[in-house]
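J.: coords please:
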Amino acid sequence: MLGAGKGFDAIYAAKAGYMVTALDFSAEAINSARLLSAKEGVNIEFSGDDFLLDPPSHHRKYDLIYEYVTFCSLDPANLERAIKIIPGFLKPGGRLVSVLFPVDGREGGPPFAIDLSTFYNIAKNTMKLVYFSRNIESVKPRKGREVLLELVRKK
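T.: As a prediction, the model looks like this:
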């Protein structure tokens, strides 16, 4: 889980039987997620590393990276670097599942708007888009302002 936040998605994945590493540069978020995962009785590896550091201390290859609203929390000046770093965390054929928000061209942030064409033009050099949808279930304030992408790391 990239940008683990309070750990809800990581806990959900761990309960489904996945081995989960949850990464967030916020010590407060990691501490909250650790407490919640202990309460829920799930085993999750937590890291407070900043994934923009190359490589973080736990750097290894994953089958899947899931992120939800991580990219929009980054300073736009770091977005290209973040997109380029992700494939280095994936095994060949590994997948990035991303819910990009907001994709509405809004000014300011965070959350900072993600330009889909820019995101794709950077990602396409190392990853192949295999799924794209604007029609995702979402909370009302985000409805129509986010997209679901699945990208596969090229071999």
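
J.: And for stretch 9-29, what's in contact with it?
T.: 1-7, 30, 33, 36-37, 40, 42-51, 56, 58, 62, 66, 68 (CB atoms under 8 Å, 6 or more residues apart in numbering). Where C-beta positions appear, they are placed from N, C-alpha and C, glycine not excepted.

J.: show me where the protein has strands.
T.: For the chain, the strands defined by DSSP state E cover 20-23, 44-47, 62-68, 90-100, 127-133, 147-153.

J.: would you list these in CSV and tack on mean neighbour count?
T.: As requested, those are exported to CSV (neighbours: other CB atoms under 10 Å):
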stretch, mean neighbour count
strand 20-23, 22
strand 44-47, 18
strand 62-68, 18
strand 90-100, 18
strand 127-133, 13
strand 147-153, 20
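
J.: Bridged to the residue nearest the centre of the chain, which residues?
T.: Geometric centre of the chain, nearest residue: residue 67, 2.0 Å, by CA atoms, centre = their mean. Beta-bridge pairing for residue 67 (DSSP bridges): residue 2, residue 98.

J.: who's in contact with it?
T.: Per CB under 8 Å, 6+ apart, neighbours of residue 67: 1-3, 96-99.

J.: quick revisit: would you turn the strands of the chain into a markdown table with mean pLDDT and distance to residue 117?
T.: Output for the strands of the chain, formatted as a markdown table (pLDDT from 0 to 100; distance: least, CB to CB, whole Å):
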| stretch | mean pLDDT | distance to residue 117 |
| --- | --- | --- |
| strand 20-23 | 92 | 27 |
| strand 44-47 | 92 | 32 |
| strand 62-68 | 94 | 19 |
| strand 90-100 | 96 | 12 |
| strand 127-133 | 98 | 12 |
| strand 147-153 | 97 | 12 |
